[in-house]
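# Sequence plus predicted model, see below.
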Amino acid sequence: MNNPSRQQVEQLHERMLGHDPAATYDVFETFMDPLVRGLERFLGCTHDDANASAADAVFAYLRHPERFDARQSTLWNFLNQIARRRAHDSHRSRTARTKREKNPLTIVEVHPPAPKDGVEGFAIARDLLKRLEERIEKARLPQRDIAGIRVIVLHEGRVPAKEMAEALGLSHLPPGERLHEVRRHTERLRRLLRSLWMEDSDVDS
Amino acid sequence: MSTLDWLTYAAKRSTTEHGLLGQVFATYQSIEDCTPDALADELGCDEKTLKQLSLCRKPSGDAFAEQVKILCGRFGLEPYALANVLRQVEIMGEDFLNGNEGAGMHRTGTLQLAALDRRKKDEPAS
């Protein structure tokens, strides 16, 4: 289907404002194909994403047709802009999600879960930890390091010194020395985690 | 891309869009516990037409009859079938949308009692 003509679009908008009951369907029929095609061709969207973003744009217009100002833009440009913005948002959100899922340190350091999501956050961390453990297992690390890594991941990157000292078996040390050792080991384990992750992502790619 | 792709997707989304027939049809299917096929049969149309109708505005207000006529003319339906579905959802649908099925039953009960009262009054005294 070709892009709609200016006259066709103006008539449609008039019908939308006049509450013609079939006008809403005609907006879909007129714009969905060209919108989806544009999103696939120029933004490289998948078919499903293009479909969803184009439908978002049309539904947004149907809810408030009066927000479209014919003096400022054509209806085609108006819908196309909304659809492209939705496609960008969806792409950004999907990229961030993929990044979070692939890099456990990103989620625990950059996106700590909200307090109200404590249980969910714990489940995510546990899942990530499980995958990480598989990688660590391959690296044949000592149990003490695995326990330390567990503390880092489960506490979203903000490591409590007492718990880390217990995990590393350093509780018997005097407070000053214990804190120093905990910091040193925490840094070492963070570096280790990163290097394991890099190794893993190299394999993935 | 086929038209059916976006039509199916948009029709599914219309079930939660206030003011579209998709929402009315979804409510009707809940009330009547029927499938889209059964609803299409009742309206005298095929599944594709039902999806197209789902993306149309719900007729309402003073222009109700005129809008039903426009839709039926456009999609080749019998006006009474569409009007029946719309009226039934108007009477029962609000309670279903609010999740008060019990209240819906109560209202139906009240309507039925009112009908019985009227019938009694209409009966000739013996």
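Looks like it arrived, so ask away. Numbers count the residues shown, from 1 in each chain, chains lettered A, B, ... in the order given.

# would you list every one of the helices in the chain?
All of this is about chain A. Using DSSP state H, the helices found in chain A span residues A:6-17, A:23-42, A:47-63, A:75-102, A:104-109, A:118-139, A:143-154, A:161-168, A:175-204.

# nope, chain B
Counting by DSSP H, the helices of chain B are B:3-14, B:21-32, B:36-43, B:47-54, B:64-75, B:79-97, B:101-122.

# ranking these by mean pLDDT, which is last?
Comparing mean pLDDT over the helices of chain B, the weakest stretch is helix B:101-122, at a mean of 45.

# what number of residues lie near residue B:36?
Per other CB atoms under 10 Å in any protein chain shown, the neighbour tally for residue B:36 reads 15. The way it works is simple: take the backbone N, C-alpha and C, and place the C-beta from them, glycine included.

# now residue A:6
The local packing of residue A:6 (other CB under 10 Å) involves 11 other residues.

# Quick one: mean pLDDT over stretch A:17-33.
93.

# any residues touching it, and which ones?
For stretch A:17-33, contacts defined as CB atoms under 8 Å, 6 or more residues apart in numbering or on different chains pick out A:1, A:4, A:8-9, A:12, A:15-16, A:54-55, A:57-58, A:61-62, A:65-66, A:76, A:79, B:1, B:3, B:6-7, B:10, B:20, B:52-53, B:55-59, B:63, B:67, B:70-71, B:74.

# now swap in stretch A:76-94 and tell me
A:3-4, A:9, A:31, A:34-35, A:38-39, A:43, A:45, A:49-50, A:52-54, A:56-58, A:60-61, A:68, A:73.

# Same question for stretch A:164-174.
For stretch A:164-174, contacts defined as CB under 8 Å, 6+ apart pick out A:144, A:147, A:148, A:150, A:151, A:152, A:162, A:178, A:181, A:182, A:185, A:186.

# Would you show me how to pick out the buried ones of those in ChimeraX?
A single ChimeraX command selects the buried members of the contacts of stretch A:164-174 (16 or more other CB atoms under 10 Å in any protein chain shown):
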select /A:147,148,150,151,152,178,181,182,185,186
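
# if we can go back for a sec, can you check which of the helices of chain A gets nearest to residue B:29?
Using CB to CB as the measure, helix A:23-42 is the one of the helices of chain A that comes nearest residue B:29, at 19.5 Å.

# For chain B, see how far away the residue of chain A most remote from its centre is.
For chain A, the residue at maximal distance from the C-alpha centroid (CA atoms, centre = their mean) is residue A:174, at 43.8 Å. Residue A:174 is 63 Å from chain B, where distance means CB to the nearest CB, to the nearest Å.

# Can you say which of the contacts of stretch A:76-94 are buried?
Of these, these count as buried by 16+ other CB under 10 Å: A:3-4, A:9, A:31, A:34-35, A:38-39, A:45, A:49-50, A:52-54, A:56-58, A:60-61, A:68.

# Just list the residues touching residue A:39, thanks.
Residues near residue A:39 by CB under 8 Å, 6+ apart: A:45, A:49, A:50, A:53, A:54, A:83, A:84, A:87.

# 7 Å - rerun?
For residue A:39, the contacting residues are A:45, A:50, A:53, A:54, A:83, A:87, by CB atoms under 7 Å, 6 or more residues apart in numbering or on different chains.

# Which pLDDT does the model give it?
In this prediction, residue A:39 carries a pLDDT score of 92.

# Show me which residues of chain A are close to chain B?
Counting by CB under 7 Å from any CB of the partner chain, chain A comes close to chain B at A:19, A:21-22, A:24-25, A:28, A:32-33, A:36-37, A:47, A:51, A:55, A:59.
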